[in-house]
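Undergrad: Fold the following.
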Amino acid sequence: QVQLAESGGGSVQAGGSLRLACAASGIIPSAYALGWFRQGPGQERMFVAAFPWSGGTPNYADSVKGRFTISRDYAKNILYLQMNNLKPEDTAVYYCAGDTLAGIDGRYDDASWANWGKGTPVTVSS
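TA: Numbers count the residues shown, from 1 in each chain. Sure thing, here's the model as predicted:
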């Protein structure tokens, strides 16, 4: 089973940037996807961004398009989320998630992915 561990969260002022990292350990299946979700205070866990680990077009939530970029270091098994122009409404715990492409079945924004990290908190102050 793929294990996921996030890092890089912190506190930043509005307009600032952060880069989150997710280290994936274990054998990553060839048909696998990795992505990011977030859960704000009193909110449900929401999709942020994801793509197939072997390569492909990223998917983004409308709320982060143009500000966040998902990327990977394929050799090191690290997933990144570069977050620019952060807003107070981006405040949340950010989770790394993984699942087989068959398990996701094209529904990247469905929060029923199989594997999850423990999360890293991001706080954006105005």
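Undergrad: what lines up beside the strand or helix carrying A23 in the sheet?
TA: Here A23 sits within strand 18-25, counting by DSSP states H and E. Taking DSSP bridges as the criterion, strand 18-25 sits next to strand 3-7 (antiparallel), strand 78-83 (antiparallel) in its sheet.
Undergrad: buried ones in it?
TA: Buried residues in strand 18-25, counted by 16 or more other C-beta atoms under 10 Å: L18, L20, A21, C22, A23, A24. Just so you know, the C-beta spots here come from the backbone N, C-alpha and C atoms, and that holds for glycine as well.
Undergrad: Could you say which of the strands paired with strand 18-25 is packed most deeply?
TA: Counting by mean count of other C-beta atoms under 10 Å, strand 78-83 has the highest mean neighbour count of these, with a mean of 20.
Undergrad: Next one: Q13 relative to P88, how far apart?
TA: Separation of Q13 from P88 (C-beta to C-beta, to the nearest Å): 10 Å.
Undergrad: what touches both of those two?
TA: Here Q13 and P88 have V124, S125, S126 as joint contacts, going by C-beta atoms under 8 Å, 6 or more residues apart in numbering.
Undergrad: Got a quick PyMOL command for the buried subset of the residues you listed?
TA: Buried residues within those, by 16+ other C-beta under 10 Å, are selected in PyMOL with:
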select buried, resi 124
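Undergrad: out of the shared contacts of Q13 and P88, which are inside helices?
TA: If you go by DSSP state H, the shared contacts of Q13 and P88 have nothing in helices.
Undergrad: So which bits of stretch 41-53 are buried?
TA: Judged by neighbour count using 16+ other C-beta under 10 Å, the buried positions of stretch 41-53 are R45, F47, V48, A49, A50, F51, P52, W53.
Undergrad: Great, nothing more from me.
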